[in-house]
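**Student:** here is my input, please return the structure:
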Amino acid sequence: MQDFPLKYAKRTLLASLVIVGMGFSVLFPILSPMGREMGLTEFQITSIIAASSLMVFISAPIWGRLSDVWGRKRVMLIGLFGFTLGTVIFNTVLTAGLNGWLIGMPLYLTLIAARLLHAGMMSATMPASTAYMADITDLSNRTKGMGATGAANNLGSIIGPAMAGLAVISLLTPLWMMAVLAFLNGLFILKFLPEPPKQLVARKRPRMRYTDPRIMPFIVVGVLMFMGFALVQQTMGFRFQDALGLSAGETARSFGFAMMLSAGCSLIAQGLIVQRLELAPFTLLKLAIPLLIVAFTLMALYETLFMLTVAMMILGFGMGLAGPGFMAGASLAVSSEEQGAVAGVAGSCGPLGFTIGPLIGGFMYQIDPVMPYYFAAGVYCVLLIFMQWIGKKVTVHED
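**Tutor:** This is a model prediction of the structure:
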């Protein structure tokens, strides 16, 4: 362990996660207005995200376990180069839709298929990266390590939506840029990131169930938390466009800027609170949930650019506390030999939430534009009420 270039590995890992964060976030401010340009309904647009998230939910635990056997670096590379290939395929289908070469149901189904392929490959990166960080941190700094990975991912989430400004060239320009950056990121990992020491990587492939009592409290919280977050995030592009009367390009830029500020607040929360204060993972969750309830309520009540942006910033700050608390808590609850498995299971809670949330949000938005945000606030109120009971189930594993 002492001969392992720990600081070098962390910096390389975190630098790569910045680009991964960009790749995940750059699509969100673009897909809503672009989908409408192609004649898709709000439910169809959000269901594209839901379908790809379901694929990540299925694939992430598998990739997490495989990283225990094949090694973290190899699985990360599969995810990064798969992300590149999937982005090229998805962008090609989008080009066909925007130019009218594919329309209607054939376009919709082809987009679904392209995103399923894309998601299945790119889902390898995050569980392997999270398990890598767990490999090179101990119990005393695990929460900070997970916070650092979240901070790097959120830094990418700041830059990603900012790239939506390239939509002034074309709506697809930011996505094509990400295909190039993802490929370069893969080459960077291949060249510079060392594999963790073999003694830190489990030789077995332990399976972990979502019902495992050690992590079950975090699974419940994680799925509900990400469901509400996804429900809101995947409909806010419509909210910005409709409430403010914006064009597709203006929506991409305005919502992209709001997402950039949201991710910036998330980064501040992780840097000032998660990294500097010794707070237990579940304490972070208890602080985050009331903030998220406030954010959802503001989204429902106001229709001005300023207030919608403020709501997005509060949302980002709350998720900046909740994300590291959720991941660190699940990691601390199991042994070192199970880090890849728990990273896959815990990492799939976000995709499961992003499978359910957008479907509910898209359906509700077509009925009433404010319904998704009141619903999300209600879900989080219920979660807050039951937080005390759930917290009693939390334990820390001692290796």
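**Student:** how many residues are close by Gly256?
**Tutor:** 26 (other Cβ atoms under 10 Å). The way it works is simple: take the backbone N, C-alpha and C, and place the C-beta from them, glycine included.
**Student:** name the element it belongs to?
**Tutor:** Gly256 belongs to helix 248-269 when assigned by DSSP states H and E.
**Student:** which strands and helices sit next to that helix?
**Tutor:** Helices and strands touching helix 248-269, by 3 or more Cβ pairs under 8 Å, 6 or more residues apart in numbering; DSSP states H and E, are helix 6-25, helix 28-37, helix 142-162, helix 236-244, helix 305-332.
**Student:** for that helix, buried residues please.
**Tutor:** 248-249, 251-269 (16 or more other Cβ atoms under 10 Å).
**Student:** same check on stretch 66-80?
**Tutor:** Buried residues in stretch 66-80 (16+ other Cβ under 10 Å): 66-68, 70-80.
**Student:** so where is the stretch 51-200 of the chain shaky, pLDDT-wise?
**Tutor:** 139-144, 146-147, 150-151, 153-155, 157-158, 165, 197-200 (pLDDT under 70).
**Student:** and the helices in the stretch 1-150 of the chain, which stretches?
**Tutor:** 6-25, 28-37, 42-70, 72-98, 104-122, 125-135, 142-162 (DSSP state H, counting those that start in this stretch).
**Student:** return the most buried member of those.
**Tutor:** helix 125-135 (a mean of 29; mean count of other Cβ atoms under 10 Å).
**Student:** just the angle between that helix and helix 42-70, please?
**Tutor:** Between helix 125-135 and helix 42-70, the angle comes out at 40 degrees (axes from the mean of the first three to the mean of the last three Cα atoms, to 10 degrees).
**Student:** packing partners for helix 125-135?
**Tutor:** Checking 3+ Cβ pairs under 8 Å, 6+ apart, helix 125-135 ends up next to helix 6-25, helix 42-70, helix 72-98, helix 142-162, helix 305-332, helix 339-347.
**Student:** and of these, who's closest to Ile136?
**Tutor:** helix 6-25 (5.7 Å; Cβ to Cβ).
**Student:** so what's the spatially closest residue to Leu85 that is not a sequence neighbour up against?
**Tutor:** Spatial nearest neighbour of Leu85, excluding adjacent residues (Cβ to Cβ, 6 or more residues apart in numbering): Met121 at 6.8 Å. Shown in contact with Met121 (Cβ atoms under 8 Å, 6 or more residues apart in numbering): 78-79, 81-83, 85-86.
**Student:** mind putting the buried residues of stretch 66-80 into CSV with distance to Leu94?
**Tutor:** Converted to CSV, the buried residues of stretch 66-80 look like this (distance: Cβ to Cβ, whole Å):
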residue, distance to Leu94
Leu66, 30
Ser67, 31
Asp68, 36
Trp70, 32
Gly71, 34
Arg72, 32
Lys73, 31
Arg74, 30
Val75, 28
Met76, 26
Leu77, 26
Ile78, 24
Gly79, 21
Leu80, 21
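**Student:** residues contacting Thr84?
**Tutor:** 179, 182-183, 186.
**Student:** same check, this time on Gly79
**Tutor:** Gly79 touches 63, 121-126, 128, counting by Cβ under 8 Å, 6+ apart.
**Student:** over to Leu172?
**Tutor:** Leu172 neighbours (Cβ under 8 Å, 6+ apart): 34, 91, 94-95, 98.
**Student:** phi, psi for it please.
**Tutor:** phi -90, psi -10 (degrees, to the nearest 10).
**Student:** my guess is Thr87 contacts His118. True?
**Tutor:** Yes - between Thr87 and His118 there is a contact at 6.6 Å, judged by Cβ atoms under 8 Å.
**Student:** quick one: common contacting residues for the two?
**Tutor:** By Cβ under 8 Å, 6+ apart, no residue touches both Thr87 and His118.
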